[in-house]
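J.: What would the 3D arrangement of this be:
(chains A and B)
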Amino acid sequence: MQESGSPALLEHLFRRESGRIVAWLAGLLGSAHLQLAEDAAQEAMLRAAQTWAFEGIPPKPEAWLFRTAHNYAISSVRRGVVFSSKADALVAALETVSQPVLDLDAEQSLRDDELCMVFMCCHPKLAPDAQVALSLKLVGGFSTEEIARIFFSEPSTIAQRLVRAKRLIREQNLTLAMPAKAHLEERLSSVLKVIYLMFSGGYAAHSGEDLIRGDVCLEALRLGRLVASSSMGAPRVDALVALMALQAARLPARTDVAGDLVLLEEQDRRLWDESLIALGFTYFDRSIAGDEISEWHVQAAIAATYASAASSAEIDWAAILEHYDQLMEMTDSPVVALNRAVVVMKVHGAEASLAALIPLQGKSALRKYHLLPAVRGHVLAALGRLDEAKAAFSAALECDCTLPEKRFLQRQLAMVSIQLHGS
Amino acid sequence: MAKFVLLLHSDGEAWKKLSPEEMQKKVEKYLAWRNKPFVVDGAGLVRDTGRVIRAKGDGVSVTEGPFSESAEVMGGFYTIEAADYDEAVKLSLDIPHIGLGTIEIRQVMVYNT
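T.: A predicted model of the protein is given here:
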């Protein structure tokens, strides 16, 4: 123990190591003993917290955590806490590593463990919701409560989802190994989807009072880079990483000091994270080196067009619209169509934008999505159809959205009302 | 300056409810507190209820305890320097342990010869 521990631990040390420990132990024990791996990781954090708080940080905190978790796992199996007829085999598996990752030469194998864990969490037998929750819990080291906050769910709902997913993993005997070659493509697609869902969960509803969401974005970005740097790397993985880095760079500018939303065009570009922008462009360049053009490529191209404009007045809306047209051919997502309609307004004006919105009315996927009426309200207001705009903003306020979004919509509504009655 | 020992009781469950990130934030706060100039020393204690040795007849009895009736165990202690109890209490009002268990402040006895 150091005589006086440094007051600031390594950033996100516990969260990151918790995920790595679970992946590492689960790799040794098999997916049937996920719970033991999780308990051991939690116990290691707990003991660290209660020891380090008094005695300072040990010289190799990561190794300390791994060793503690490892010891806990061995003693749990020996004490029969884990009911298993294969207790001896489990202890033997654990003891294959006598010096649990004490040197960080094992970094590469740890990354492989994590990667296997990501692929298991994204197994197609699990529902997409469960895939995201499991990845956040097991790989990202987020608590059930934190995940519930991210997805506006009750902790009990998330807990149930996790329990069911883990039971399914046990029953189906899903292994912690990279999928066979024949399934690689399909599995990679679902991994990328989950990583982006995770990212959007952190990004879409970012609000000033909930800083954890930024962490979720960065965790998704970390996982994306993990996949990109592995043997699973592919141009579309690079494109996804580029997209996430470029979007995450804007997080600090998305809300003002009051936690209110700031529209892209009004964002203070000086607040954008330069290192993330640079990272985004590096990955973007890598992603377009091959022939592949995926959905992620086009989305990344849109984000890159925004980011490369020197000011909001210089955004190349025509280029962005072209990308959206391309994206529309690749996906039938109504959310993409809605975003496209916003860009149409920039390029062809409000009348054309309104026309683009018409086919989206009544789409079940957008039924409760506040942005559809919000965008309609915006377009109608620009056309001077203030009564209809007012109704649209009121309808948007009926939908679920975050407090900053609510405040934003209320301001729009007030502005339309003033125009209506003031003139 | 007199010395005081802060005995930090902890029920363990409060810690368990924290996420890894929250635990880390908490540890960082403890470490910052521990680095304050008036803190002399500190150590954690193993999380069990300890043993109690008492005289029993001619011999001794050793029992588990002494906190058997409560879930709280002693988590650790700090030694601090302060002029008197009032100051010791005042210095300890922002200790990060608040919320995770009770804190008992005891003065270390010194005999002036």
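J.: give me the element residue A:340 is part of.
T.: For residue A:340, the element it lies in under DSSP states H and E is helix A:334-348.
J.: State the mean pLDDT of that helix.
T.: Mean pLDDT, computed over helix A:334-348, is 92.
J.: what about residue A:327, neighbour count?
T.: The tally of other residues near residue A:327 (other C-beta atoms under 10 Å in any protein chain shown) stands at 20. Using the backbone N, CA and C atoms, a C-beta is placed for each residue, glycine as well.
J.: That one against residue A:294, yeah?
T.: No: with contacts counted by C-beta atoms under 8 Å, residue A:327 stays clear of residue A:294, the gap being 10.5 Å.
J.: so what pLDDT did the residue in the stretch 301-423 of chain A positioned nearest to chain B get?
T.: Among all residues of the stretch 301-423 of chain A, residue A:402 sits closest to chain B, at 21.2 Å; criterion: C-beta to the nearest C-beta. With respect to pLDDT, residue A:402 scores 75.
J.: ok, it to residue A:228 distance?
T.: Distance, residue A:402 to residue A:228, by C-beta to C-beta, to the nearest Å: 30 Å.
J.: Could you do residue B:2 as well?
T.: In terms of C-beta to C-beta, residue B:2 sits 60 Å off from residue A:228.
J.: How about residue B:29?
T.: Relative to residue A:228, residue B:29 is positioned 36 Å away (C-beta to C-beta).
J.: shaky segments in chain B?
T.: Chain B contains residues with pLDDT under 70 at B:12, B:47-49, B:65-72, B:113.
J.: What number of residues are in the vicinity of residue A:190?
T.: Residues near residue A:190, counting by other C-beta under 10 Å: 16.
J.: In PDB, could you pull the C-alpha coordinates for the helix or strand where it lies?
T.: Here residue A:190, judged by DSSP H and E, is contained in helix A:181-203. Taking C-alpha atoms only, helix A:181-203 is exported to PDB below (Å, rounded to 0.1, in the frame of the first residue of the first chain):
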ATOM      1  CA  LYS A 181     -16.800 -18.500 -39.600                       C
ATOM      2  CA  ALA A 182     -20.200 -19.200 -41.200                       C
ATOM      3  CA  HIS A 183     -21.900 -17.000 -38.600                       C
ATOM      4  CA  LEU A 184     -19.300 -14.200 -38.300                       C
ATOM      5  CA  GLU A 185     -21.000 -11.800 -40.800                       C
ATOM      6  CA  GLU A 186     -24.400 -12.100 -39.200                       C
ATOM      7  CA  ARG A 187     -23.000 -11.800 -35.700                       C
ATOM      8  CA  LEU A 188     -20.800  -8.900 -36.500                       C
ATOM      9  CA  SER A 189     -23.900  -7.000 -37.800                       C
ATOM     10  CA  SER A 190     -25.800  -7.600 -34.600                       C
ATOM     11  CA  VAL A 191     -22.800  -6.600 -32.500                       C
ATOM     12  CA  LEU A 192     -22.500  -3.300 -34.500                       C
ATOM     13  CA  LYS A 193     -26.200  -2.700 -34.100                       C
ATOM     14  CA  VAL A 194     -26.000  -3.300 -30.300                       C
ATOM     15  CA  ILE A 195     -23.000  -1.000 -30.000                       C
ATOM     16  CA  TYR A 196     -24.900   1.800 -31.900                       C
ATOM     17  CA  LEU A 197     -28.100   1.200 -29.900                       C
ATOM     18  CA  MET A 198     -26.000   1.600 -26.800                       C
ATOM     19  CA  PHE A 199     -24.500   4.800 -28.200                       C
ATOM     20  CA  SER A 200     -27.900   6.200 -29.100                       C
ATOM     21  CA  GLY A 201     -29.200   5.400 -25.600                       C
ATOM     22  CA  GLY A 202     -26.500   7.600 -24.300                       C
ATOM     23  CA  TYR A 203     -26.700  10.200 -27.000                       C
END
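J.: buried sites along it?
T.: By neighbour count on 16 or more other C-beta atoms under 10 Å in any protein chain shown, the buried set for helix A:181-203 is A:187-188, A:190-203.
J.: distance of the residue sitting furthest away from the middle of chain B from residue A:113?
T.: Centroid-distance maximum for chain B: residue B:58 at 33.3 Å, with C-alpha atoms, centre = their mean. As judged by C-beta to C-beta, residue B:58 and residue A:113 stand 59 Å apart.
J.: same deal with residue A:364?
T.: 40 Å.
J.: more crowded one of these two?
T.: Using other C-beta under 10 Å as the criterion, residue A:364 and residue A:113 rank with residue A:113 on top: 23 against 7.
J.: close enough to count as contact, that one and residue A:21?
T.: No: Residue A:113 lies out of contact with residue A:21 (C-beta under 8 Å); the separation is 9.5 Å.
J.: still on that earlier bit, look at the residue of the stretch 301-423 of chain A closest to chain B and say how many residues are nearby.
T.: Residue A:402, neighbours per other C-beta under 10 Å, totals 19.
J.: mind listing what residue 44 touches?
T.: I went with chain A, as the question did not name one. Residue A:44 sits next to A:17, A:18, A:21, A:65, A:66, A:68, A:69, A:72 when contact means C-beta atoms under 8 Å, 6 or more residues apart in numbering or on different chains.
J.: that answer is for a different chain, and I need it for chain B
T.: A:50, A:51, A:53, A:54, A:55, B:75, B:76.
J.: Specify the beta-bridge partners of residue B:79.
T.: Residue B:79 forms beta bridges with residue B:5, residue B:41, as assigned by DSSP bridges.
J.: Distance check, it against residue B:51.
T.: 23 Å.
J.: same thing with residue A:72?
T.: For residue A:72, the distance to residue B:51 equals 23 Å [C-beta to C-beta].
J.: Could you check how far stretch A:123-135 is from the centre of its chain?
T.: 13 Å (C-alpha atoms, centre = their mean, to the nearest Å).
J.: Show me which residues of that stretch are buried.
T.: Neighbour-count burial for stretch A:123-135, counted by 16+ other C-beta under 10 Å, picks out A:123, A:126, A:130, A:131, A:132, A:133, A:134, A:135.
J.: Stretch A:333-349 too?
T.: Neighbour-count burial for stretch A:333-349 [16+ other C-beta under 10 Å]: A:334, A:335, A:336, A:337, A:338, A:339, A:340, A:341, A:342, A:343, A:344, A:345.
J.: about what we covered before: could you identify the helix or strand that succeeds the helix holding residue A:340?
T.: Immediately after helix A:334-348, counting by DSSP H and E, sits helix A:350-357.
J.: And the next helix or strand after that following helix, what's buried?
T.: Using DSSP H and E, the helix or strand that directly follows helix A:350-357 along the chain is helix A:371-382. Residues of helix A:371-382 classed as buried by neighbour count (16+ other C-beta under 10 Å): A:371, A:372, A:373, A:374, A:375, A:376, A:377, A:378, A:379, A:380, A:381.
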